[in-house]
Each structure stands twice: as C-alpha cells, then as structure tokens.
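In: here's a sequence, model it:
(2 chains)
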Protein chains: 2
Amino acid sequence: MSVARTILRALPRHAVRRTALASPSSLLMHRAPTLATTNVRHGSSIPPRTESFTTVTKDHVAHLRSLLSSETSLLSTLDGSATTDELVTYNDDWMNKYHGKSQVVVRPKTTEEVSKVLKYCYDEGIAVVPQGGNTGLVGGGVPVHDEVVIQLGNLNKIRSFDPVSGVFVADAGVVLEVADNYLAEQGFIFPLDLGAKGSCQIGGNVATNAGGLRLLRYGSLHGTVLGLEVVLPDGTVYNHLSKLRKDNTGFDLKQLFIGSEGSLGIITAISILCPRRPKAMNVAVFSVPSYEAVQKVFAEAKDHLGEILSAFEFWDKQAYSVVRKHQEELGGERKVFETEGDFYCLIETGGSNAEHDEEKLGGLLEHLITNEIVLDGVLAQDTTQFSSLWSLREGIPEACGKAGPVYKYDLSIPVGEMYEVVETMRTRLRERGLLVGDGNPEGPIRAMVGYGHMGDGNVHINIVANKYAEEIENAIEPYVYEVVSAKSGSISAEHGLGVMKAPHIHYSQSDVGIGLMHQIKKLFDPKGLLNPYKYIV
Amino acid sequence: MSVARTILRALPRHAVRRTALASPSSLLMHRAPTLATTNVRHGSSIPPRTESFTTVTKDHVAHLRSLLSSETSLLSTLDGSATTDELVTYNDDWMNKYHGKSQVVVRPKTTEEVSKVLKYCYDEGIAVVPQGGNTGLVGGGVPVHDEVVIQLGNLNKIRSFDPVSGVFVADAGVVLEVADNYLAEQGFIFPLDLGAKGSCQIGGNVATNAGGLRLLRYGSLHGTVLGLEVVLPDGTVYNHLSKLRKDNTGFDLKQLFIGSEGSLGIITAISILCPRRPKAMNVAVFSVPSYEAVQKVFAEAKDHLGEILSAFEFWDKQAYSVVRKHQEELGGERKVFETEGDFYCLIETGGSNAEHDEEKLGGLLEHLITNEIVLDGVLAQDTTQFSSLWSLREGIPEACGKAGPVYKYDLSIPVGEMYEVVETMRTRLRERGLLVGDGNPEGPIRAMVGYGHMGDGNVHINIVANKYAEEIENAIEPYVYEVVSAKSGSISAEHGLGVMKAPHIHYSQSDVGIGLMHQIKKLFDPKGLLNPYKYIV
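Out: Coordinates of the predicted model:
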C-alpha cells in the first residue's frame, strides 16, 4: 500500500471542475449547436402518420381541460394557451435530433387525472406519448407526429419511505436526483445513477429500464423495483405498489412495464428497494496502455475488491481528449496524468468500513503498479476530487454534445470483444473518408469516441459530426448493428428502442420473440394509441 | 472483539450432525408417515377435469414414443411400459399431499424432443404438466387428473460457463446442487440456495421463481436470470439464451416465464449471472429473548456487516424444539446453547477478505453482547460447524415432516409485523382446541412453528398435524390469508400458487391484475393445456 501511495499522486483540489452535466436542468438547456430546428428527422425516414388516429380539435382540448384540476395543466396551440415555441420543449428531444408536432401537452397532477385523460383519448381514438424528463437518446419520449404529450412532471410527490426495509414509494415524476438526495438524508441510496440524474424522472427510468452507473453493484431495475402503479391505455388503473421483496402470486406483471417505453401503460408511481448508502466511498482513475490492460485491471479489481467494487468504467484516449478539451474551455487544468495512455479506467468502491476498504484498494493499487499494469493513477482524496475524477467519465457525453451533433450507439457485447466494435467502426469511417484523424475539425466526423460500463459489458460509441447527414448515418447503420448481431450482442444495452432503433430490433431479437411482443402490445393496447411509431412496430 | 470471543463458545466439532435434508434424494425418499396414499386431495375440493381435454389412448402413447430417441424416455401404464406404482413418484408430490392419476410420463432428452411432444399434445388437445425435481410445496408440479407428465430430468447438461463474465448456461434438468458444485470448482456460486438443492432442478427453480437462502445478498431470479430457452405450448421454441447483462430491445419476455409455474411454456435451458464465491464465510447463531430482539439483531447486523451480510434467518423456540428433537433422534447432542431463548437467529457473512470479515463480525458480536441484546451465541470455527449451525435452521422443514403431516404457509409481510401472524394463528388454533400446548403429541396439532428469511420479510408457518383433516384446514384457511391480506402481505412469498393457493390469489392481487394474468395465459396457451387447474384458474 505504501508503494501505491507513493506513486499515486493526489489530484490537486479543484484541478478539474465538475462539468455542467450533473446540474439539474443542463440536459434540457443545452442543444446541439449546429443544427437548425426543423420538424424532419434526419436519416431513416419517419414512419407515416396512422390515418385512423383522431386529429385533435379545439373541442377535444376543451374536454381534456375539463378533466384537469388546474388551468396550467394543459398547454395547447389549439385554444391559444400556448405558442408553438412554448411546446418545443415537449416536441423536441434534448439532442435536437427528433422533432414532433404535437399541439397539446397535458401535465396531470394525480393518477386519477392521468386515468381520465387516457380513458378519454382511448374512447376518442387519440394517440398519446408519455413523457418524463425528456432525456432519452432514441426519440422515445417525444411525439413523432401530432400525438398528445402526457408529461409526468406534476406527479412529483414522495409517498413513503421505510428505513427498516429500505422501500421507497414515489410518484413517477420525481426527478432522480431529488429522490437520491432524499434517500441520502436517511442514509440510503437510489439503486440507479446516471448522467441525466438532474433532469430524468424515476418513472421514465423504470419505463426505459435505465442502466447507468450503479448496475454493476445493485443490479437492474428488474431486480430492485418492487411494485408499480400504472394507468393502462383505456384508463384502468393497475395499482400494484407492493412493498414486498418476495411475492409469488401469479405473473410478475410489473416486469412487462419495466423497459416497455410507455407502450403498454403510463407508470404513475413506483415502489423500489433501496440499499443502505455506503459509509465509505473511494474512486481511482488510471491511464493504461491498451484495452487488454483495461481487462486486466478489471479482473484484478474484482479479485481484490470483491463486494466493495461499485463501478468500473473505461474510456479511450479519443474520449479523454474530447472531455479534457471541454473542461479546459471551462477553465480546468490541462494535466491530470503524468503519463497518458491509450485507455483510461475508473474504479469506485463503496463499503461499510473505510479502513477495510482502503486496505483492499491499497492492495489493488500496489499490485497494479508493481506489475506495471497501469501507466499512472490518481486516487481521490476528498469529495471534490471524487466528483472531479468522475467528471472525466461522466463529462464525455456532454463534451461530445458540445463538439457537434452526435450519433450515439449503446451496445452490449461480451467484455473481451467489446472494444473491437469501436475499432471496426473507426476503420470503416476512415476508409470512407468520413473520419480524417481523430478529432479533425475539418472532416465530416469531428471525433469518434468509445467508453462504457466495463462491468456490464456495455460500450457506448459517440460519433461527433459537423452536422447530421444521411451520408454519415448510412455509413454507420445498419452496419454497426450487423457487427453487434454477429457477436450475439444487443443493439441497445440501455437506451432502448424508441423511434431510432425500432426498425432494427431483429438484430437482437428472434422472430418468435418479436411475434410474442407484437401480441402483448396488441393485448394491452388494441388500438395502438400509446406511444405509436416506436418500440414494437 | 476479544469480549465476543470470550463469551461466545465454539460449537464442539460434530456436535450437531448435518440433517438428512441436504442430501440429494432425501426429499423424494421421505414421505409423511401417517397418511395413506389416496388419490384424493385433502381439504379444498379438486377442480373437476376439463371435459374438452383429450383422454390419452394407447395410440397416443405409441405416437409419443415415436417422437423420442430412447425407449426409456416414456413410461406408461397404457402400453405396459410401467406399472401404476412406478408412476407414483411422478403423480404424488413429496409431501404426499397431492395425488395425480397420470398414465403417461415423458422424459425427453433434448429441447427438440420437448418441442415435438408439446406440438403433438397441442394438436391433439392433450393436457400436460411440466415437472422438475418434484420438490414443490403447493402441488404445482404433479398432475391433478390425467395430464401427461413431461419430466425434465434427462435434460441435464451444463452447456457453458464463462469465468470472465460469470455467465452459466445449462439445461433445465440440471440439479441445483450439481450446478453449484460445478460453479464452486471455478470459484463461483449459484445465486440461489435452498433446502431441496439436492433434488430440485434449476429449470424448476426459475419456473417457480424460487427464493431461498441467498436472496438477501444476490437478489431474486428476476435480476440474475439473463436468458431462457422455452418451448411454448404449441411446440414453438423461444430461444433467448442471452448472455448479456443489459439488453433493452423490447419487452423482457423471459420475466413472464420466471415464476409462471409452467403455465406459459416449458423452460428447457437457462442462462444466469453467477457471482464470485466469497473467499471467506462465517456463520453465527444466537438465542434471543423476544421477536423484538431478533429485529434489533437484524438492524445491528446490517449496520456492522454492511455488504458482507449474506443471510439472516430466524426461528422460534417451537421450531427449535422440533428440530433439536429430530437431531437428537439422529444422535446429535442435546445442548447447543447455555441459555435458550424464545427466538433464535442465524447470521451468515461472505466476503473477499477473511480478516476484514472477522473484524466486522467481531464488532457486531461485541456490540450484541455488551448491550445484552442476545442471550447466548455460537460462532462456527470450521466448515463442519458451519454446516451444523445451518442445520438448526435448514433442518426445520425436514424435522416437521418427520413429526407428521404438515400444513405449510409461506408469507411475505413487513418485518415489524411478521411474527404477529404466527401468534394470531397460534391463538386461533388454541381457541379451537386444536393446539393444546406446543408440541403436545395428543392434540390434533402436534406442533406449530414459525421461521423464515428475516432479510426478505418472509415467514414460514409449519403446522404439524396428526393427520391431514378438513377440521384443521378449515380452521387455518382462508383465515390465514385474510390476516396476511389485511397487512398488504403476500400469501405466497416463494412457494408459488400451484393447486393449493390458486383459488386464493385475490388475497394478494387485484381484480385488474388477475384479469391481465388471465389474458396473458390465454394469449400463450389458448387451449389451456399447460399445467391446468393451477396458478391462474
């Protein structure tokens, strides 16, 4: 341990400022800078509007308004209660890639109001799109055409928390960071964390089966969510806010809604099992010479840290370059590592005994350095440095977004082959003359970066372009999906299908599976009114 | 720590022999001693046979036989390949409580054979019951009338294991203990453990969403199972043996099959994420004066042990008395504790660093003793004692079964109110004159014991009778379910519904939920041929 302590330099306090990403509303405020707002989706064509869906009129709006307790719960251009500009926040996704044309946004204040609105829309044949914090990356939470937006932000009450069992029950519209801060005060932790935590809502997290940064330790929402309250397409309320950890009385229906992207019903509240917050947390970041070295560090981390390993993230030098450039612009110091590498990895531990954790981590660091597995490393000495080190990883998507319009791919592949996909894609884009040197601002592609959740076998590829263009999209898709499919991977590890990947589901699912999904969708939503044109099409 | 060491006496080596329960075939060998085998289910009436189901003939048997690669894969009284006695193992459950009358047992050797058999039965309108190790407790795995039994024991190959990811893929018929032993050799652990591990099969575990002893640490199968291969009622194979930890491409269909008790399809293989086996394990058992003390120990254990707490079990003095009597008969020493208590609890830890774990456990023990929360305690000093201490808890169901026919209830209730249900039931049975002193061999009820998985809010009530009798069953049911329902609990935490609890599902599920379940069942199995008369009726 003394060896590790000697070689590892402490990060100077405030050396790296926390990026804006973690602040509550940054995701909605920052849009890709170079793209003019249009209502045409780039690349693959938009599915045509379903003719049988009712076109919403002023009369519909008046009736919908009568179902709501507050005047401000409905915004519409049809009755003059909103301008088109005021609805842009609900019609456009935060990447400014998908653009709906809805004229009606409903923001119910109670589950009963959601139920009344859905029942009315169902009876009238009006299509709807449920929307949480609108932080999705596949166009799943914004309208494609003129669907009525049902935004859950007004359903924002924490209903109960039991510190004996750790069971937390809250409305769907509670912002993830608000939930986690509430739990932190009680010594607990929300078993999910992700970059958009300041904007995304817990109902949307469950509806999209969000993965994020704590999955390695706490598992997926399929394991932690205990119960749901859901309004079905016809307005029926399925109230199953169970607080029980075990319940084998029939099909586990809640599982169908977890990750269903609002296609079967609208989640209005969740019940979730929250673990105790670790008393001690540590984070260390390393520069390493190769992807093989990343894998070695991962194996050693599992071996030395065992049950206290809470995150293992990695990113490539291209990602590091983009994030450092962005941080430098924000005033952060340039240098973090004496020796930079082709790859970087971040290890987080969380445990109940600080001394034990430090001993375990010290043992790992000594091993990594003695055996020359890493080039350099930095261990956080306080909470500011903890955040700073995390920002090197968490800041990547934000930094990419600042650099230009981004094509985002979110792939699940066995760890050993994970980075091959990034290299394969880089080679392809170079061969096509689209990528000319990493980060070359003159080429059509400004940067191509790879990073992800090593512990979950989940790699993210961000391709930063100078503009969204068919030439680029066609060079990437469906090729990237074919490569993933050949490795029995998933074309969407955590982002979901939305409108972007719905046509590509067959790369990860069999015909039998897709057939069953169609039947389940039809069973719950026979008129196909809920979040149409997406997910299962 | 030194205080704890001084007061806690080590258990003498071999003081308590491991009960027979954990040995591979004990569950099938031991039957309740006092009940004559009849083909009438005691208590609630059997649902009548569905007239539209085809009665199997010799011709059907001949055709079924032609679909199988081996002569020994079909046993039937219709073609003389088996006697009625030889089919008893498949027709009767291990408690000898449920008795089917099937004349045909098929034991396919491949998924393809399962598919062919199911397709034929579907086309012919023949009802079937899937069967794993036949260790279920609610009559879910045996025929009710003349359903063809499809027993999975010949599908018993381990298909693959990846020590990097921990993903284990195996046939449904692999015995749980075989799987766990295989994984142990590689330094991994199956994330499920239960008393019947020597007989039960992993496919059956998944089909019934078994809970067991490791749920506190590793979570439920809904979180750990990654993929399934399932033969649907019409013989279609749904092959989704995913090895991916994250995959958000459509509905998570596998979740529907987990815990569906063979009502939607027959699971033929599973893919599951297995954690590394803890390098160090400890177990300690305490006698405590009250249920409040059990709760205090639980809270302190979570606080001191944090991430290394791997099990927390409790049982009452009545359970202790039954299990000690049984162990004494087997030759075990009488005395385990200097001071016995009204309750007992068992704590298991599993971690990656023996020294750290001992320090954490030592801190807990010191606290418990200094603050006089426990009366006495025993800490295992080696693996034999580890098993011996576990046998005090694991031996309870077996010991009850030896004492007489057992009514078993498996309830999920918030921890604070958990034991109240046991007391309420004890009072009721005393008032009715059925329980005369605990363990009184003269009364209709010989013993009534409470025990369970404290960490999961799961209490088991075993009522040992001198015979299965309507008077007793009517005194218990549905009253016990009403009590649980009033506390928003589950009438089946882990045993499932089967034939026993199917009529009582409304105590834990809403009409909306039950309605959806009926529709899902109909969607997958429109003819209702798969495991009829059970689960969703």
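In: and the residue of the stretch 151-300 of chain A closest to chain B?
Out: Residue nearest to chain B within the stretch 151-300 of chain A (CB to the nearest CB): A:Gly223, separated by 2.3 Å. Heads up, the C-betas are built off the backbone N, CA and C, glycines and all.
In: how about that residue, secondary structure?
Out: Here A:Gly223 is recorded as helix under DSSP: H, G, I helix; E, B strand; the rest coil.
In: okay, domains of chain A per the record?
Out: By the assignment in automatic domain parsing, chain A contains the domains A:1-18+A:279-393, A:26-151, A:158-273.
In: can you redo those as a markdown table, where the extra columns are mean neighbour count, mean pLDDT and distance to B:Gly195?
Out: Listed next are those as a markdown table, based on neighbours: other CB atoms under 10 Å in any protein chain shown; pLDDT from 0 to 100; distance: least, CB to CB, whole Å:
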| stretch | mean neighbour count | mean pLDDT | distance to B:Gly195 |
| --- | --- | --- | --- |
| domain A:1-18+A:279-393 | 20 | 86 | 25 |
| domain A:26-151 | 19 | 88 | 42 |
| domain A:158-273 | 23 | 96 | 16 |
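In: next one: the top helix by length along chain A to chain centre, how far?
Out: Selection of the longest helix in chain A by residue count, based on DSSP state H, yields helix A:383-403. Taking CA atoms, centre = their mean, to the nearest Å, one finds helix A:383-403 lying 15 Å from the centre of the chain it belongs to.
In: show me what it is packed up against.
Out: In terms of contacts (3 or more CB pairs under 8 Å, 6 or more residues apart in numbering or on different chains; DSSP states H and E), helix A:383-403 is packed against strand A:280-288, strand A:309-316, helix A:317-329, strand A:343-351, strand A:406-412, strand A:445-453, strand A:458-465.
In: now those in JSON lines, with distance to chain B?
Out: Below are the helices and strands packed on helix A:383-403 laid out as JSON lines (distance: least, CB to the nearest CB, whole Å):
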{"stretch": "strand A:280-288", "distance to chain B": "10"}
{"stretch": "strand A:309-316", "distance to chain B": "9"}
{"stretch": "helix A:317-329", "distance to chain B": "20"}
{"stretch": "strand A:343-351", "distance to chain B": "6"}
{"stretch": "strand A:406-412", "distance to chain B": "4"}
{"stretch": "strand A:445-453", "distance to chain B": "8"}
{"stretch": "strand A:458-465", "distance to chain B": "5"}
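In: make a markdown table out of these and add distance to A:Glu71.
Out: Putting those into a markdown table (distance: least, CB to CB, whole Å) gives the following:
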| stretch | distance to A:Glu71 |
| --- | --- |
| strand A:280-288 | 46 |
| strand A:309-316 | 45 |
| helix A:317-329 | 42 |
| strand A:343-351 | 46 |
| strand A:406-412 | 38 |
| strand A:445-453 | 44 |
| strand A:458-465 | 42 |
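In: and the ones you listed: which comes nearest A:Tyr481?
Out: strand A:406-412 (8.7 Å; CB to CB).
In: quick one: work out the angle between that closest one and strand A:458-465.
Out: 160 degrees (axes from the mean of the first three to the mean of the last three CA atoms, to 10 degrees).
In: starting at the chain centroid, how far to strand A:406-412?
Out: Chain-centre distance of strand A:406-412: 11 Å, with CA atoms, centre = their mean.
In: so is the following helix or strand past that strand next to chain B?
Out: Next helix or strand after strand A:406-412 toward the C-terminus (DSSP states H and E): helix A:418-431. No: Helix A:418-431 stays clear of chain B (CB under 8 Å from any CB of the partner chain), getting no nearer than 11.0 Å.
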